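Enquirer: Okay, predicted coordinates and the sequence, questions at the end:
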Amino acid sequence: MRIVFMGTPDFAVPSLQAIHEAGHAVAMYHLPTQDPVLQITIVPRGQSLGATWHIPKDDSFNMTRNQMYEQIVSLLGGRVAEALFL
């Protein structure tokens, strides 16, 4: 039995999610102000098809402009990875 989701074979969705989540992780790894990645999953949870968890290095109540900029870059890392590899 082969499962087809929205007209694509069943293996296309997990590989897309893996590339997407890896993009977030690589972006976080290379940005100096971002927290280290703890765990990545492509198992669907609720409305999310995957997730990348990170743990804070220290407690903070505010962010600098550079930290906010790098957070946006890490959030867009998944979309950039999709554009590069698919």
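Expert: Nice, thanks for sending it over.
Enquirer: now Gly23, nearest residue through space, not along the chain?
Expert: In space, and not counting its chain neighbours, Gly23 is closest to Ala81: 2.6 Å by Cβ to Cβ, 6 or more residues apart in numbering. C-betas here are computed from N, CA, C, even on glycine.
Enquirer: Surely that neighbour is in a helix?
Expert: Yes: assignment of Ala81 by DSSP: H, G, I helix; E, B strand; the rest coil places it within a helix.
Enquirer: what's the burial count for it?
Expert: 21 (other Cβ atoms under 10 Å).
Enquirer: swap in Pro56?
Expert: Quick note: Pro56 (other Cβ under 10 Å) scores 8 neighbours.
Enquirer: go on, the one 3 residues further on?
Expert: The burial count assigned to Asp59 is 5, neighbours taken as other Cβ under 10 Å.
Enquirer: This protein: helices as residue ranges?
Expert: 12-30, 65-85 (DSSP state H).
Enquirer: quick one, which of those is packed in tightest?
Expert: Highest mean neighbour count among these (mean count of other Cβ atoms under 10 Å): helix 12-30, with a mean of 18.
Enquirer: helices or strands up against that one?
Expert: strand 37-41, strand 51-54, helix 65-85 (3 or more Cβ pairs under 8 Å, 6 or more residues apart in numbering; DSSP states H and E).
Enquirer: other SSEs contacting the last one?
Expert: Helix 65-85 makes packing contacts with helix 12-30 when contacts are defined by 3+ Cβ pairs under 8 Å, 6+ apart.
Enquirer: returning to what we had before: how about the helices of the chain, which one is nearest Thr41?
Expert: Distance to Thr41, taken as Cβ to Cβ, is lowest for helix 12-30 among those, at 7.5 Å.
Enquirer: From the chain's centroid, how far away is the closest one?
Expert: 5 Å (Cα atoms, centre = their mean, to the nearest Å).
Enquirer: same deal with stretch 79-86?
Expert: 12 Å.
Enquirer: Please list the residues outside it that contact it.
Expert: Under the criterion Cβ atoms under 8 Å, 6 or more residues apart in numbering, residues 16, 19-20, 22-24, 26-27 lie in contact with stretch 79-86.
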